[in-house]
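Chemist: sequence and computational prediction follow.
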Amino acid sequence: MWSESIERRNPVSSRSVIAGGRVANSTPQRFVLRIGPSCIAIKGCLDPGRWVLDLAHNRFLCPTTQPDLTLALHYGPSVAPPQQPTFRAGELVSFYRDGPSWIIRLGEDGASGRADRVVTLDASGNTGTLVMDVGECPDIAAMYPLEYPLEDILFRHLLSDRDALLVHACGVAWQGQGYLFVGSSGSGKSTTARLWKSAGAAILNDDRVVLEASPEGVSIHPTPWFGDYPDVSAEAVPLAGLFLLRKGSEVTFEPIRPARAAALLFAKSFPPLWDPERMARTLETLDLVCQEVPCGWLTAPPDQRAVAWVQAH
């Protein structure tokens with residue numbers, strides 16, 4: 001699951017270079033991003049006008065929303081970690097615990113102890129700091145602070161606190177109801193998005209969707225992390241059906257028991273693997289979802305027949 005998740009393209013790119021890594025034309029302000037039921041804010045000397053965010057990301061900017069997590073941005077060298085990591089994803093990211101606080105280090109150099117970016121989450125989970133190492137980037141002000149994989153990691157961390165998680169799926173909205181089509185890369189999620197779009201549905205995302213079990217019911221939310229279909233919607237909808245995709249020449253549907261469906265859905269999700277408590281909450285969310293929503297295997301040929309079958313049933 002983790003190796004598959006790190007093969008995503010960056011949502012941002014840099015435009016120009018400032019010699020020496022100095023931060024220019026930055027003023028104190030706040031940048032707020034909301035995905036699903038969770039919201040992250042960055043405050044400090046930012047220059048978001050120089051960040052090249054894709055169109056999908058711009059749809060998730062919520063400057064007036066009260067954030068779940070606020071990170072104070074600082075520029076400077078990082079310090080060595082306090083101890084051995086509790087979880088490591090190759091050379092990409094390392095997770096540390098310092099009492100009740102979390103420390104997340106990206107691009108860590110084992111020899112020098114420095115890292116490109118370091119996030120420290122306070123014990124409350126509502127505040128923290130983000131340190132960007134000016135020595136590791138020639139144009140630090142042009143670099144999006146939450147550049148992949150940090151954005152992905154932080155939202156996984158927060159979503160579990162809201163009884164939500166990120167799923168490898170295509171989500172569509174049709175006549176006020178949501179349908180989730182779950183599958184690995186190449187299973188037909190982008191084809192599903194194209195076919196449902198031509199049938200008049202709104203596409204939440206063709207690759208990653210937030211699944212939430214709130215007191216109001218189970219719903220799916222769009223995300224900016226699309227696969228081949230960038231025209232993502234920005235509206236959540238109640239979930240009416242959950243389908244695990246299979247390829248085939250004829251439409252078939254095989255119901256799945258809730259416990260089995262939860263296990264299969266977990267295998268296609270992106271949970272917070274570094275935190276046992278959050279993992280437990282994620283499993284509870286999956287169990288609740290599969291108890292409440294009809295689940296099954298859907299064999300879907302690459303034409304409108306599967307769309308028509310779901311609409312009819």
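Modeler: Cool, got the structure.
Chemist: go through stretch 176-196 and flag the buried ones.
Modeler: For stretch 176-196, burial by neighbour count (16 or more other Cβ atoms under 10 Å) applies to 178-183, 187-196. The way it works is simple: take the backbone N, C-alpha and C, and place the C-beta from them, glycine included.
Chemist: what's the answer for stretch 231-244, then?
Modeler: 232-233, 236-237, 239-244.
Chemist: which residues does P100 contact?
Modeler: P100 makes contacts with A123, as judged by Cβ atoms under 8 Å, 6 or more residues apart in numbering.
Chemist: how near is it to A72?
Modeler: As judged by Cβ to Cβ, to the nearest Å, P100 and A72 stand 18 Å apart.
Chemist: and the longest helix for this protein?
Modeler: For the chain, the longest helix by residue count, based on DSSP state H, is helix 276-292.
Chemist: do a quick rundown of the strands in the stretch 101-250 of the chain.
Modeler: Here the stretch 101-250 of the chain has its strands, by DSSP state E, counting those that start in this stretch, at 101-106, 117-121, 127-132, 164-174, 177-182, 202-205, 208-214, 217-221, 237-246.
Chemist: ok so, going back, list just the nearest of the buried residues of stretch 231-244 to P301.
Modeler: F243 (13.8 Å; Cβ to Cβ).
Chemist: burial check on the closest residue in space to T191 that isn't next to it in sequence, number of neighbours?
Modeler: Computed as Cβ to Cβ, 6 or more residues apart in numbering, the closest residue to T191 that is not its neighbour in sequence is P302, at 5.3 Å. Burial of P302 is recorded as 14 neighbouring residues (other Cβ atoms under 10 Å).
Chemist: with G76 instead?
Modeler: G76, neighbours per other Cβ under 10 Å, totals 11.
Chemist: wait, it sits on V134?
Modeler: Yes - counting by Cβ atoms under 8 Å, G76 touches V134, with 6.4 Å between them.
Chemist: for S198, which non-adjacent residue is closest in space?
Modeler: Q304 is the one closest to S198 (Cβ to Cβ, 6+ apart), at 7.6 Å.
Chemist: so that neighbour sits against L195, correct?
Modeler: Yes - using Cβ under 8 Å, Q304 is in contact with L195, at 5.9 Å.
Chemist: and the gap between V251 and A312?
Modeler: From V251 over to A312 the distance is 10 Å, taken as Cβ to Cβ.
Chemist: neighbour count for the two, which is higher?
Modeler: Each of V251 and A312 has its neighbours counted (other Cβ under 10 Å); V251 has more, 16 against 6.
Chemist: which ones are touching that one?
Modeler: Going by Cβ under 8 Å, 6+ apart, V251 touches 298-301, 305-306, 309.
Chemist: circling back to that earlier point, single out the most deeply packed of the strands of the stretch 101-250 of the chain.
Modeler: strand 164-174 (a mean of 26; mean count of other Cβ atoms under 10 Å).
Chemist: tell me the contacts of G200?
Modeler: W174.
Chemist: please report phi then psi for it.
Modeler: phi 100, psi 10 (degrees, to the nearest 10).
Chemist: do you know how far it is from V172?
Modeler: 10 Å.
Chemist: likewise for G49?
Modeler: 34 Å.
Chemist: show me this structure divided up by domain.
Modeler: If you go by automatic domain parsing, the domain ranges for the chain are 2-160, 163-312.
Chemist: just name the most buried of these.
Modeler: Of the domains of the chain, domain 163-312 is the most buried (mean count of other Cβ under 10 Å), at a mean of 19.
Chemist: how long is it from one end to the other?
Modeler: End-to-end distance of domain 163-312: 30 Å, with Cα to Cα, to the nearest Å as the criterion.
Chemist: got it, and stretch 90-109?
Modeler: End residues of stretch 90-109 are separated by 12 Å (Cα to Cα).
Chemist: for that stretch, what is the distance to the chain centroid?
Modeler: Relative to its chain's centre, stretch 90-109 lies at 18 Å (Cα atoms, centre = their mean, to the nearest Å).
Chemist: for stretch 289-299, same thing?
Modeler: The answer for stretch 289-299 is 22 Å, by Cα atoms, centre = their mean.
Chemist: what lies in contact with that stretch?
Modeler: 181, 211, 213, 217-218, 239-248, 250-256, 258-259, 261-262, 265, 306, 310.
Chemist: give me that answer again for 7 Å
Modeler: Residues from elsewhere that reach stretch 289-299 (Cβ atoms under 7 Å, 6 or more residues apart in numbering): 211, 213, 218, 239, 241-246, 248, 250-256, 258, 261-262, 265, 306.
Chemist: can you check stretch 176-196 too?
Modeler: So stretch 176-196 is contacted by 167-172, 174, 203, 206-207, 209, 211, 219-220, 227-229, 237-245, 247, 265, 268, 300, 302, 304, 307, 310 (Cβ under 7 Å, 6+ apart).
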